[in-house]
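K.L.:
Need the 3D shape of this:
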Amino acid sequence: MFDLELFVGRFHPLMVHLPIGFVVMAVLFKALDIRSSTRTYRPALKVSLLLSAIVGIVTCLTGLLLARSGTYPADQLFWHKWTGISLAVLTVFWYLVEFRWSVRPTVSYSFTALTLVLLILTGHRGGVLTHGASYLWEGLPVTWQQFFGHDPYEAEKLEFEISNLDSALVYEDIVVPILEARCYSCHSDRKQKSELRLDSPEMIQKGGASGDPLIRSDLDKSKLYHVLTLPLNEDEHMPPKGKAQLSKYEVKVIEAWIAQGGEVEKMVMHYPDRSALEEWYDDLMADQKLFSNELIPSQPVSQPDPTLIENLRSQGVLVQSVGKSSHYLEVSFMNVPNLEPELIKEAAKIKEQVIWLDVSGKNLSDQHLNELINFTRTTDLNLSRSKLPGNSLKKLSQLKNIQILNLTGAELYGSALEDLRGWPELRKVFIYLTGIPSESVERFLETNPGIMIDTGGYRLPSVPRDTMVFRFKG
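P.N.:
As a prediction, this is how the structure comes out:
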């Protein structure tokens, strides 16, 4: 279907250079006119100003049409749009001041200066909109960039749509957003530097002009891993110097994916070594979860005893804040090889601060459960890949604040799903690989429509990409 607005709007990047040139010419002729005692440059000033006003208005109209496509960040678009409109209006008034109205020379000088300043602001905001906030600084030496507030070594945080790490598809949910943000601008259907595309598994396997294999389980033979881990000043380092870089955690994620042969259907839970993925996820959530996660209580809590935390960490328990400047904690026993009930009892000494609890991959007894029910403020409980005794979920329903329950791959008893009826705040349960039949799920949902049951096992269709979906903040 023909879209007239979009068609006309896309002439904006072509048109935008014309008013810039005409305004610069007008400023130049005005400067010459001020220096000259004759009126030699007035005709040239009149023509350049008239063209600036006419072309500026047309450029604004095409820009407004292009803005309606909704493909630009709203906050950056706002400033570019209104500085551009102001520039067009100011150019018209400058023409009237010079050739239609009788005003003092100082008024004319003021319009000249304001028009030049607004031209610079409009151009800068347009550059930020299309190339990013750091575009002007990226060609400078690193020390200069840091002086101006841009650190080329600091990777921009991305956003990911992951509600549970275990059931996330490593390629589709994690690797693809990283490649989209960091690599697609040069290696996708729009541009193929070195004849390389990274926007599909098939293109990644095909590789680029060098013929070197991008993906190999032996990292020393993987071209993709090699260029990502070269020093920043090396010519072959990717992304190239001046472009947004991957964080150290994102590099580790790509490394883990490459080491698994670049498979596209594996979930995180299927990786034999998930440490890199878990570290990446912890770093991602540290900035996001404090202010945007409903699983974090709004009421303040006192600071936990640091001595207790250090004691737990010395025994292999992961204890960390759920976000910057928060006293609420996430506690994980996943690195404790033989979890004893006494250790859970020890962790319960900071139960007022613990809201996220990970007891995944453990063989749990009734004694373990007797200690777990003391974590009454917990909102997210991870029991994935654990073996649970009979009626365990009924006992754990004493945790009245649980909203998210992860049972992925857990060994459950027959009536486990029915025992979830007694969880007052529960809103989402992961039951992938638990063996619970679909009929039981359907019966449960009929009487508990407020609880979402995630059965996993997703298979995403192959969709031709004719547009890019950006998952990061500008």
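
K.L.:
Show me where the stretch 201-350 of the chain has its strands.
P.N.:
Under the criterion DSSP state E, counting those that start in this stretch, the stretch 201-350 of the chain contains strands at 318-321, 329-332.

K.L.:
Can you say which of those is packed in most?
P.N.:
Of all these, strand 329-332 carries the top mean neighbour count, a mean of 22, counting by mean count of other Cβ atoms under 10 Å. (Glycine included, C-beta is placed from N, CA and C.)

K.L.:
Now find how far off-centre that one is within its chain.
P.N.:
Centroid separation for strand 329-332 versus its chain: 24 Å, with Cα atoms, centre = their mean, to the nearest Å.

K.L.:
Strand partners (parallel or antiparallel) of that strand?
P.N.:
When pairing is defined by DSSP bridges, strand 329-332 lines up against strand 318-321 (antiparallel), strand 354-358 (parallel).

K.L.:
Only C-alpha atoms, please: export that strand in CSV.
P.N.:
Coordinates of each C-alpha in strand 329-332 appear next as CSV, following Å, rounded to 0.1, in the frame of the first residue of the first chain:
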residue,chain,number,x,y,z
LEU,A,329,18.4,-8.7,49.0
GLU,A,330,18.5,-11.6,46.6
VAL,A,331,19.8,-14.8,48.2
SER,A,332,20.8,-17.8,46.1
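
K.L.:
Could you list the low-pLDDT ranges of the stretch 51-200 of the chain?
P.N.:
Counting by pLDDT under 70, the stretch 51-200 of the chain contains low-confidence ranges at 69-73, 131-143, 145-146, 148-157, 163.

K.L.:
can you pull out the helices in it?
P.N.:
Along the stretch 51-200 of the chain, counting by DSSP state H, counting those that start in this stretch, helices occupy 74-99, 105-131, 142-147, 176-182.

K.L.:
thinking again about what came up before, I'd like the strands paired with strand 329-332 as CSV, with distance to Leu45 and mean pLDDT appended.
P.N.:
Shown next, in CSV, are the strands paired with strand 329-332 (distance: least, Cβ to Cβ, whole Å; pLDDT from 0 to 100):
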stretch, distance to Leu45, mean pLDDT
strand 318-321, 63, 87
strand 354-358, 68, 91
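
K.L.:
With Glu310 as the reference, name the closest of these.
P.N.:
Nearest to Glu310 among the strands paired with strand 329-332 is strand 318-321; the distance by Cβ to Cβ comes to 8.8 Å.

K.L.:
tally of neighbours for Asp3?
P.N.:
11 (other Cβ atoms under 10 Å).

K.L.:
What sits closest to Ser108 if chain neighbours are left out?
P.N.:
Val97 (5.5 Å; Cβ to Cβ, 6 or more residues apart in numbering).

K.L.:
Could I get the pLDDT score of the closest residue to Val253 other than its chain neighbours?
P.N.:
Counting by Cβ to Cβ, 6+ apart, Val253 lies nearest to Trp280, which is 4.8 Å off, once chain neighbours are set aside. pLDDT for Trp280: 85.

K.L.:
re the thing from before, columns distance to Leu214 on top of the strands of the stretch 201-350 of the chain, output as JSON lines?
P.N.:
Listed next are the strands of the stretch 201-350 of the chain as JSON lines, based on distance: least, Cβ to Cβ, whole Å:
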{"stretch": "strand 318-321", "distance to Leu214": "34"}
{"stretch": "strand 329-332", "distance to Leu214": "34"}
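
K.L.:
how about the helices of the stretch 301-450 of the chain, start to end?
P.N.:
Under DSSP H, counting those that start in this stretch, the stretch 301-450 of the chain gives helices at 306-314, 341-347, 366-372, 392-396, 438-447.

K.L.:
Point out the most buried one among these.
P.N.:
helix 392-396 (a mean of 21).

K.L.:
Just give me how far it sits from the chain centre.
P.N.:
With Cα atoms, centre = their mean, you get 37 Å for helix 392-396.

K.L.:
Tell me which other helices or strands that helix touches.
P.N.:
helix 366-372 (3 or more Cβ pairs under 8 Å, 6 or more residues apart in numbering; DSSP states H and E).

K.L.:
that older thread, with distance to Cys183 as extra columns, can I get the strands paired with strand 329-332 in a markdown table?
P.N.:
Below are these laid out as a markdown table (distance: least, Cβ to Cβ, whole Å):
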| stretch | distance to Cys183 |
| --- | --- |
| strand 318-321 | 30 |
| strand 354-358 | 32 |
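
K.L.:
Of these, give the one that comes closest to Val27.
P.N.:
Of all these, strand 318-321 comes closest under Cβ to Cβ, at 54.3 Å.

K.L.:
what sits up against the closest one?
P.N.:
282, 286, 309, 312-313, 327-335, 350, 358 (Cβ atoms under 8 Å, 6 or more residues apart in numbering).

K.L.:
Ok, stretch 87-95 next?
P.N.:
19, 23, 26, 46, 49-50, 52-53, 56-57, 59-60, 108, 111-112, 114-115, 118-119, 122.

K.L.:
Show me how the chain divides into domains.
P.N.:
Domain ranges of the chain: 4-141, 170-270, 296-454, per automatic domain parsing.

K.L.:
Do me a favour and get the end-to-end distance for the shortest one?
P.N.:
Domain 170-270 has its terminal residues 10 Å apart, counting by Cα to Cα, to the nearest Å.

K.L.:
Kindly report the same for stretch 168-176.
P.N.:
Start-to-end, stretch 168-176 (Cα to Cα) is 12 Å.

K.L.:
Quick check: Leu412 vs Ser392, distance?
P.N.:
9 Å (Cβ to Cβ, to the nearest Å).

K.L.:
nope, Ala276 is what I was after
P.N.:
Counting by Cβ to Cβ, the gap from Ala276 to Ser392 is 31 Å.

K.L.:
now do Thr408
P.N.:
In terms of Cβ to Cβ, Thr408 sits 16 Å off from Ser392.
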